[in-house]
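Visitor: One predicted model, sequence on top.
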Amino acid sequence: MTESIAASNPSSPSSKSAESQRRWMRYLSLGIILNAAVWGVTLVHLEVSKPTYTSKWTYSLPGARSFTRVNIPNLGAASSEVGSPYSDRSQDPREKYKFIAGSKSVMETSATELDIDIAEFGKPKIQVVDNTTMMNFEISGTSPEEARNKAFAIRKAFENRLEQLRIQETQEENKPIEQAVDSARRNLEIAERRLAQHKAKTGLSSTQQVAQVSENLENLRREEIQLLAQKQETTASLQQLSSNLDTSAQQVSDAFILKSDQLFQQHLQDYSEATSQLEILRPTYGPNHPAVIRESAKQKGARAAILERSQSLLGRPTDLAKISDLAVDNGERNGTARESLFRQIVEVKAAREGLQASSQELAKQIAQLESRFKTMTQDALTLQTLERDVRIAETVFSTAFTQLDTAKLAKSGSYPKLELIAQPSLPSESAPVAQMRKMAFLGATAASVLISLGLFSLWLRPHLQGQKKLIKSNSTASI
């Protein structure tokens, strides 16, 4: 009877206690079920899921600028300068490298290197370290070796891509310089060809030849002056000797011509002998004596022979008086002195004629050399102009070629070289698993605590509401 009354009256304490107990059992069962599910899922996940391994490596960019200068003496100079990659504050080259490292081309190349699908390969995590020049790279894999192999593949593909971009930039920058080098080479070839043609045409290989010709011309002029002085001296000597003998140089020359001819001297001797015999015979025998007649005939024959021979030798007719004057030895005591003077006159005359011939030849050489000097002077001016053009062309070509070599050796300004600070690491096996377990257990524990607190709050809510109602009814009754 009592139990039926308690059941029919829900407000009784016994009914409330039973209801609270039933609610407690429901929330407790639900909490046990939910916590079991959370921990079951966690444990199954730890058993089923594969651990993740991460390989890390670090790059550093240069911070200082570089400067290259090449100087070729007497030809030209060239210089190149690569500024700091951080000179432009509006952009950071590391962000550009970060984009390139994660680009599709780099990822495809890296995945192809390891024969892995690009979707399964994954993307590296790249961190730009503030206030430094370093970049940190990370890539994950299902095993330590796979993670490191991915890191090496990305590193290789990334560096190769940077090298391609540097080459492309260098080619674009060097194209105008290469065109300038080709133009300078063509100009140099044209200038050298013109110079060679001028040398072959004129026979003038250097301006030193003009100086040599000028020096030779001056030497010939001095020699001409000396010859003129010697000629004047010999002329004066010849005049003095001719005055002493009261004869001319031509007569002296004729005298030696006659003296050197044996046939003329034989005729002259026959004439002298016949004349001497006549001088002896005429006073004794008279003009009609046979001996006188014979000697007279002999004398006439000898005289005719003398005149004929002298005309043949001298080239002009003469007579015995002139022939007598031309006698080198006239039979006097001073004949030897006369012959000596005659010889001096002949020698001086010969010397004067030699000097005259030398002077004429020298004047001819001087005239030819002066004409050649005038021509060579004009050719030398053209030669100097052509040589200057060649030097200028050589300087321009050398400078352009040096700039091209310097540009090829210079570092890329847009894509500076990277320095590998840390090689891709080989992650250990225990660290990723322990970290994953720790995170899983922490998550499961947090979920269990939250579930328990939530269910406890739901169970405790009716009691809190009953307490609020009781307090409100007591306050109303007291009023």
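Guide: Sure thing, it's come through.

Visitor: what about the helix or strand where Glu353 lies, average pLDDT?
Guide: Under the criterion of DSSP states H and E, Glu353 resides in helix 335-409. The pLDDT scores in helix 335-409 average 77.

Visitor: Output the helix or strand just after that helix in CSV with nothing but the alpha carbons.
Guide: Using DSSP H and E, the next helix or strand after helix 335-409 towards the C-terminus is strand 419-422. Extracted C-alpha coordinates of strand 419-422, given in CSV (Å, rounded to 0.1, in the frame of the first residue of the first chain):
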residue,chain,number,x,y,z
GLU,A,419,74.9,27.9,-49.6
LEU,A,420,73.8,24.6,-48.1
ILE,A,421,74.1,25.0,-44.3
ALA,A,422,72.7,21.7,-43.3
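
Visitor: Tell me which strands strand 419-422 pairs with, and in which orientation.
Guide: Here strand 419-422 has these sheet partners by DSSP bridges: strand 53-60 (antiparallel).

Visitor: Identify the residues contacting the strand it pairs with?
Guide: For strand 53-60, contacts defined as Cβ atoms under 8 Å, 6 or more residues apart in numbering pick out 97, 132-144, 146-148, 150-151, 155, 418-427, 429, 432. For every residue, glycine as well, the C-beta is placed using N, CA and C.

Visitor: pLDDT on it, on average?
Guide: What strand 53-60 shows for mean pLDDT is 90.

Visitor: and the gap between the nearest residue to Thr109 once chain neighbours are set aside and Ile118?
Guide: Residue nearest to Thr109 in three dimensions, not counting chain neighbours: Ala157, with 3.9 Å by Cβ to Cβ, 6 or more residues apart in numbering. Ala157 sits 12 Å away from Ile118, going by Cβ to Cβ, to the nearest Å.

Visitor: shared neighbours of those two, anything?
Guide: Met107.

Visitor: who's more crowded, these two?
Guide: Ala157 (22 against 14; other Cβ atoms under 10 Å).

Visitor: So the more buried one versus Asp117, what's the distance?
Guide: Taken as Cβ to Cβ, the span from Ala157 to Asp117 is 16 Å.

Visitor: Return a selection command, for use in ChimeraX, containing the buried ones of the contacts of strand 53-60.
Guide: In ChimeraX, a selection of the buried entries from the contacts of strand 53-60 looks like this (16 or more other Cβ atoms under 10 Å):
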select :97,133,134,135,136,137,138,139,140,141,144,146,147,148,150,151,155,418,424,425,427,432
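
Visitor: In strands only, show me the contacts of strand 53-60.
Guide: Counted as lying in strands by DSSP state E, out of those, are 134-141, 419-422.

Visitor: In CSV: those residues, plus distance to Ser448 and pLDDT.
Guide: Formatted as CSV, these follow (distance: Cβ to Cβ, whole Å; pLDDT from 0 to 100):
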residue, distance to Ser448, pLDDT
Met134, 42, 90
Met135, 41, 92
Asn136, 36, 94
Phe137, 38, 94
Glu138, 32, 92
Ile139, 35, 91
Ser140, 29, 88
Gly141, 32, 86
Glu419, 50, 89
Leu420, 47, 90
Ile421, 44, 90
Ala422, 41, 89
